[in-house]
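S.K.: need a structure here:
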Amino acid sequence: MLEFCKTVLKRVSFDRRLFARELKKSFSWLNYEDALALKSWALATYSNKYTQLIVTTFAAVHAMDA
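M.R.: Here you go, the predicted structure:
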């Protein structure tokens, strides 16, 4: 599932709104360890465009889980 999420994010990375929506869905589908791995990958890959979006989406999704 983690690899599938990465593939989807790569395909929608051209559009901020789509990227945000798919990132939120990805974080909600993954277990905590995979979500952390996705966060790290996304920051490493898209930090030049979406750093704040990635950090806030991850925090928001996991705050709802708590």
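S.K.: only C-alpha atoms for contact and neighbour calcs from this point on.
M.R.: Noted.
S.K.: pLDDT below threshold where in the chain?
M.R.: Flagging of the chain using pLDDT under 70 yields the residue ranges 64-66.
S.K.: identify the residue nearest the geometric centre of it.
M.R.: Leu23 (3.5 Å; Cα atoms, centre = their mean).
S.K.: contacts only, for that residue.
M.R.: Cys5, Leu9, Ile54, Thr57 (Cα atoms under 8 Å, 6 or more residues apart in numbering).
S.K.: can you tell me which two in these are farthest apart?
M.R.: Farthest pair in these (Cα to Cα) is Cys5 and Thr57. Separation: 14.6 Å.
S.K.: now the longest helix along the chain, how far from the chain's geometric center?
M.R.: If you go by DSSP state H, the chain has its longest helix at helix 32-65. When distances are taken as Cα atoms, centre = their mean, to the nearest Å, helix 32-65 is centred 5 Å away from the chain's centroid.
S.K.: who are the packing partners of that helix?
M.R.: helix 2-12, helix 16-29 (3 or more Cα pairs under 8 Å, 6 or more residues apart in numbering; DSSP states H and E).
S.K.: could you give the angle of the last one to helix 2-12?
M.R.: By that I understand helix 16-29. Interaxial angle, helix 16-29 versus helix 2-12 (axes from the mean of the first three to the mean of the last three Cα atoms, to 10 degrees): 170 degrees.
S.K.: what are the buried residues along helix 16-29?
M.R.: Along helix 16-29, these residues count as buried under the neighbour rule (16 or more other Cα atoms under 10 Å): Phe19, Ala20, Glu22, Leu23, Lys24, Ser26, Phe27, Ser28.
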